[in-house]
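1. can you look at this prediction? I've put the sequence above it.
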Amino acid sequence: MLAAIADRIRSKSYELPLSRDYVRHWGLKEAIRELVQNALDSESPFEYAFADGQLFITSRFARLEASTLVLGSTSKADRADAIGSFGEGYKIALLVLTRNGYDVKVWNGNKQWVPEFRHSDQFDAEVLCINETPAHRQNQGVEFVVSGLTEEDETEIRSMCLRMQPPMSDVIGTKYGHILPSRPGKLYVGTLFVCDTDLTYGYDILPEHLQLERDRQTVSGWDLKQVSKNAWIDTGRLDEVAEKIEAGIPDVEYVEYGSTELVREACYRLFQQKHPGAIAVQSQEELNSLVKQGMTNTVVVRGAYYSQVANSTSYKQQVSHVVAIQTPKAALEEWYRDNKKYMSRLPAASFKELVKRADGWRNK
């Protein structure tokens, strides 16, 4: 009896100005992602377990102060390596899970938090409340326990976190994160799924290298293609990178907005292997113009591949003398301009006819 009275005295209820319908488009996967994200961002090792329809997410050295229930409050705002930096994550997760009928408990040090929806006299509306009671068990840090999960729920949850999936054997590591050939088009940030993309490969980008939009389900296309390009360059597999640039895959499309001389030289080597001694142009019109001037070993190269080949040091050295070659007609016209004052009328007329005939001549 006395223990129950003491528990009631120490119990509290925190009303949050969050209605039941807040983020109506969110479901189980989005809510669990927020809880996992907080665990990953904490100073504790990431621990989780599925058992008997329950998910346990534990941060052994963490503690949630009541002040973190205030919207906008966070301990991660100044950390570039933290995925979440808006301060709303776990509160919204509790709201969504409760709204969808899952039983949720938070073991927080010597306290237990349980969310529920309740009418608020202060707001005259139904809002999310966090009920705090003493925890009659030993707790290390913070543990979120979500109950009522089905096998399908577990599969859905595992799909959004690489830490919950079997390891992949073909992962390519870079300083920007990991390239995931086995997850084509999938984008993860800090091991958490963000969205599907039009990229050829999958990526797990470190949070400090890719800023998520506020909904944490979208990113800037420009930023994504910049970091995917940088990741491939960082692999050091420059011949492979050159092949991907030539193939025009979107992952390296933005190489023309930031590259290295080593990448450009790799593209030049690939170009020379396929077209020894050739001149690279960007259009059929350019090709026709050069062929007309006698430069028949000319190849149309488009997009980022052209920018890399044409701007490589080796290519510039190769074509420096080629572009100076005159067509037979141009050479004859230049000679005529320099010497016509020494020619009589008849030879001059004959030479003009020769110049006209030279219009179809080609350099070997």
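-> It's in.

2. please give me every residue in contact with the residue positioned nearest the centre of the chain.
-> For the chain, the residue nearest the mean C-alpha position is residue 224 (3.5 Å; Cα atoms, centre = their mean). Contacts of residue 224 were listed using Cβ atoms under 8 Å, 6 or more residues apart in numbering, and they are 187, 197, 199, 210. All C-beta spots, glycine's among them, are computed from the backbone N, C-alpha and C.

3. in what helix or strand does residue 273 lie?
-> Using DSSP states H and E, residue 273 sits within helix 261-274.

4. what's in contact with the next helix or strand along the chain from that helix?
-> Counting by DSSP H and E, the next helix or strand C-terminal to helix 261-274 is strand 279-281. For strand 279-281, contacts defined as Cβ under 8 Å, 6+ apart pick out 271, 287, 290, 295, 297-301, 306, 309-310, 315, 319, 322.

5. helices or strands next to the helix holding residue 273 in the packing?
-> helix 238-247, helix 303-310, helix 313-319 (3 or more Cβ pairs under 8 Å, 6 or more residues apart in numbering; DSSP states H and E).

6. other residues contacting that helix?
-> Here helix 261-274 makes contact (Cβ under 8 Å, 6+ apart) with 233, 238-239, 241-243, 245-246, 255, 278, 280, 299, 301, 305, 308-309, 311-315.

7. make it 7 Å
-> 233, 238-239, 241-243, 245-246, 255, 280, 305, 308-309, 311-315 (Cβ atoms under 7 Å, 6 or more residues apart in numbering).

8. and the residues you listed, which of them are buried?
-> 233, 238, 241-243, 245-246, 255, 280, 305, 308-309, 312, 315 (16 or more other Cβ atoms under 10 Å).

9. out of the contacts of strand 279-281, who's the most crowded?
-> Greatest neighbour count in the contacts of strand 279-281, by other Cβ atoms under 10 Å, goes to residue 309: 27 neighbours.

10. check the spacing between residue 282 and residue 183 real quick.
-> Residue 282 is 34 Å from residue 183, where distance means Cβ to Cβ, to the nearest Å.

11. between the two, which one's more packed in?
-> Between residue 282 and residue 183, counting by other Cβ under 10 Å, residue 183 is the more crowded of the two (20 against 14).

12. and that one, what does it touch?
-> So, once contact is read as Cβ under 7 Å, 6+ apart, residue 183 ends up touching residue 202.

13. how much space between it and residue 245?
-> From residue 183 across to residue 245, the span is 22 Å (Cβ to Cβ).

14. what of residue 147?
-> 51 Å.

15. list the buried residues of the one helix or strand residue 231 maps to.
-> Secondary structure from DSSP H and E places residue 231 in helix 221-234. Buried residues in helix 221-234, counting neighbours by 16+ other Cβ under 10 Å, are found at 224, 225, 226, 227, 228, 229, 230, 231, 232, 233, 234.

16. next one: stretch 139-156
-> Buried residues in stretch 139-156, counted by 16+ other Cβ under 10 Å: 139, 141, 142, 143, 144, 146, 149, 153.

17. dump the residues you listed into TSV; add pLDDT, distance to residue 55 and secondary structure as well.
-> Shown next, in TSV, are the buried residues of stretch 139-156 (pLDDT from 0 to 100; distance: Cβ to Cβ, whole Å; DSSP: H, G, I helix; E, B strand; the rest coil):
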residue	pLDDT	distance to residue 55	secondary structure
139	74	17	coil
141	87	16	coil
142	92	14	strand
143	93	11	strand
144	96	8	strand
146	98	5	strand
149	97	6	coil
153	97	8	helix
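
18. now render those as JSON lines, adding distance to residue 179.
-> Output for the buried residues of stretch 139-156, formatted as JSON lines (distance: Cβ to Cβ, whole Å):
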{"residue": "139", "distance to residue 179": "39"}
{"residue": "141", "distance to residue 179": "34"}
{"residue": "142", "distance to residue 179": "33"}
{"residue": "143", "distance to residue 179": "34"}
{"residue": "144", "distance to residue 179": "31"}
{"residue": "146", "distance to residue 179": "32"}
{"residue": "149", "distance to residue 179": "32"}
{"residue": "153", "distance to residue 179": "30"}
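
19. enumerate every residue touching residue 302.
-> Per Cβ under 7 Å, 6+ apart, neighbours of residue 302: residue 282.

20. and the closest residue to residue 116 other than its chain neighbours, helix, strand or coil?
-> Of all residues not flanking residue 116 in the chain, residue 129 sits nearest, at 5.6 Å (Cβ to Cβ, 6 or more residues apart in numbering). Per DSSP: H, G, I helix; E, B strand; the rest coil, the secondary structure class of residue 129 is strand.

21. residues contacting residue 129?
-> 13, 14, 15, 116, 118.

22. what's the closest non-adjacent residue to residue 310?
-> Distances taken as Cβ to Cβ, 6+ apart put residue 280 closest to residue 310, at 5.6 Å, once the chain neighbours are dropped.

23. gap between that neighbour and residue 302?
-> Separation of residue 280 from residue 302 (Cβ to Cβ) stands at 10 Å.

24. then residue 93?
-> To residue 302, residue 93 is 47 Å away according to Cβ to Cβ.

25. domain parsing for this structure?
-> For the chain, whose domains are defined here by automatic domain parsing, the residue ranges read 2-164, 172-220, 240-319, 328-360.

26. can you flag the weakest of the ones you listed by average pLDDT?
-> Among the domains of the chain, domain 328-360 carries the lowest mean pLDDT, at a mean of 80.
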